[in-house]
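Q: here is the input, now give the coordinates:
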Amino acid sequence: MNELSPRFPRLIPPALATALLLIHTIACAGIPATPTPNPSAMPSLPPTNPIPSPPIAHRQSKTGDDLLAQMTLEQKVGQVMLVGFDGTMVTPELRDRLTQLHIGGVILYDRNITSPPQVAQLNADLQTAMKQSSNLPLFITVDQEGGVVARLKEDKGFTEFPGQMAIAATGDVENARRIARAMSAELLALGFNMDLTPVLDVNNNPANPIISTRSFGSDPARVAEYGVAFATAMQEAGVIAIGKHFPGHGDTTTDSHSALPVVSHHRARLEAVEFVPFKAAMQATPHIAGIMTAHITFPAIDPTPGLAATLSPKVLTDLVRGEMQYDGLLMTDELTMGAIATSGYPAPKAAVAALNAGADILLFQTGYPMHRQVHQSLVDAVKRGEIPQSRVDDAVRRVLRVKEQFGLLTANRRLPTADCVGLSETKALSRDVARQAVTLVRDDAQLLPLKAGAPLLVVETGAYELGKRLGATTIRVAAQPKPNEIASILQAARDVNAVIVATSDVAKNRTQADLVNALLQARVPTIVIATRSPYDLMYIQDAPTYLASYGNNPPMVEALAAILAGKATARGRLPVEIP
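A: Here you go, the predicted structure:
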């Protein structure tokens, strides 16, 4: 057994790990039936103030077009809404809220997740609630990209995976397929049918505060190759893939969660860089099921001041539907994000604008009063002619088509279960890719591998537990180390053979560079590990020994520990340009 992780063998040949995982995936995929409701979570209480709509009869035997023909306007509007909610179970209140508005999909966040059995039961109860009220089955989705964006985490019993930049650092596109298949197996077992991934943004801006290692890299062709491979494998496994964030969030210095970024490049540059991965995914056979839009302005496409791509007909209809001829789902990013709210678009107004612009699915955070207000605003906008009925029908037709294609409208849907989650085979695959990803940028001081038994100090800017895995003295400091912390580390460094500094986003936390430089000036043998962004090297250029791990989740930390100790070799290559 591996002393770095006692729950699984240290090394399983990749082919064997993949074969074992495939066996388990097939076994888990064969669990049929419609979920049995949880009596405690699904009491039979009458809804309050329901929106009257007739049941969608015999939906299991009808096609999407058949269903569309018999739906009311209120039901259609509900189908284009995908919403978050609070809590970890289906309460009578939540059931009524979803069914009254005929909601088409839900998204789970950290606050909804405690364990695999809880998530499996929650997702089963969500679908049962819709079935009992004669509503259509839900899209149930999550942001499970791998790496820094993961809602299903190992400390809660799930499997975590390397992020996209780590996968690209392996130099093997098959690893994108392996991770996508493994991730999909867990998602399907838990009752998810959609994942908001892969990220198709080209991260060519070192100062990007939100994409970074979520991207496959800075080369458009590489991002396209790995993104298409990931999406195709995920959809072949049965999970709806949503590529994001069109037209491209990779060259921004503003986080759209807080404010509206602007990408001012001319159209030729967008065609040569930002559009490349999205067009590849749209044109693949089969094409990616959905594309998420970005809350960013692109003056070269739509010069309207302050108008995000999400709300622009020139982007969604003229460019995506017209020029690019893409007929898959168009989903908005979350419509209460700062980029939209600070631009004069509260959620109801944003929803009307986005649907009118060409979006098919409108994504919202939690807030039932807001959801009801949005629903009513959309219904009213259609009734007064602000949104054409044909625009609503086109959106709902695409929603139903994808639900039909991915088996959501069939009676024999699989039963969510926790039995196929956190398997040792899945974790072994995750660790194998992680070991391939870790990149030794340079080791001019020849400090690696570490000398066995030599005293070692590890300085961590987060709860990585790298020092614990290496059996080293560990000092944990703030993201912005203070002068007294740096002084304490210099004092402790006198008694060790080497110091490892695990940095994280030095661009935002510049005193981490002060710490490293202080150690180097004191001639302390220092190993720097960029545990998140490889661009940390820009601020610590004098470090003679430097590694990049593209993440600090369990698979990456375990891989780092193995490589530092000489039990594995760093094989990764930087997938980004570092100025």
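
Q: can you pull the contacts of the one residue sitting closest to the centre of the chain?
A: The chain has Glu145 as the residue nearest its centroid, 3.1 Å off, counting by C-alpha atoms, centre = their mean. When contacts are counted by C-beta atoms under 8 Å, 6 or more residues apart in numbering, Glu145 touches 163-164, 196-199, 214. Any C-beta I mention is one placed from the backbone N, CA and C, and that applies to glycine too.

Q: once you drop chain neighbours, what's closest to Ala463?
A: Spatial nearest neighbour of Ala463, excluding adjacent residues (C-beta to C-beta, 6 or more residues apart in numbering): Arg476 at 7.2 Å.

Q: from Leu67, how far off is Ser134?
A: Using C-beta to C-beta, to the nearest Å, one gets 12 Å for the distance from Ser134 to Leu67.

Q: picking up where we left off before, tell me the one of the contacts of Glu145 nearest Gly248?
A: Using C-beta to C-beta, Val199 is the member of the contacts of Glu145 that lies nearest Gly248, at 10.4 Å.

Q: that closest one pairs with what?
A: On the basis of DSSP bridges, Val199 is bridged to Lys244.

Q: and it, what is it in contact with?
A: Going by C-beta under 8 Å, 6+ apart, Val199 touches 145, 164, 211, 214-216, 227, 243-245.

Q: cutoff 7 Å now
A: 145, 164, 211, 214-215, 244 (C-beta atoms under 7 Å, 6 or more residues apart in numbering).

Q: most neighbours out of the residues you listed, which is it?
A: Neighbour counts for the contacts of Val199 peak at Gln164, which has 34 neighbours (criterion: other C-beta atoms under 10 Å).

Q: over to it: give its phi and psi.
A: With angles defined as degrees, to the nearest 10, Gln164 sits at phi -70, psi -40.

Q: repeat that for Phe139.
A: Taking degrees, to the nearest 10 as the convention, Phe139 sits at phi -70, psi 130.

Q: pull up the gap between it and Arg523, please.
A: 58 Å.

Q: neighbour count winner among these two?
A: With neighbours defined as other C-beta under 10 Å, Phe139 and Arg523 compare such that Phe139 has more, 26 against 8.

Q: domain map for the protein?
A: The chain is divided into the following domains under automatic domain parsing: 28-37+74-405, 438-564.

Q: neighbours of Glu485, how many?
A: Using other C-beta under 10 Å, Glu485 has 17 neighbouring residues.

Q: the one 10 residues further on too?
A: Residues lying near Asp495 (other C-beta under 10 Å) number 9.

Q: give me the spatial nearest neighbour of it, chain neighbours excluded.
A: Pro455 (6.3 Å).

Q: pretty sure that neighbour contacts Val496?
A: Yes - counting by C-beta atoms under 7 Å, Val496 is a contact partner of Pro455 at 4.3 Å.

Q: more neighbours, the two?
A: It is Val496, of Pro455 and Val496, that has more neighbours when counted by other C-beta under 10 Å, with 17 against 11.

Q: for burial, what's the neighbour tally of Pro299?
A: Counted with other C-beta under 10 Å, Pro299 comes out at 15.

Q: typo on my end, Gln144
A: For Gln144, the count of nearby residues is 23 (other C-beta under 10 Å).
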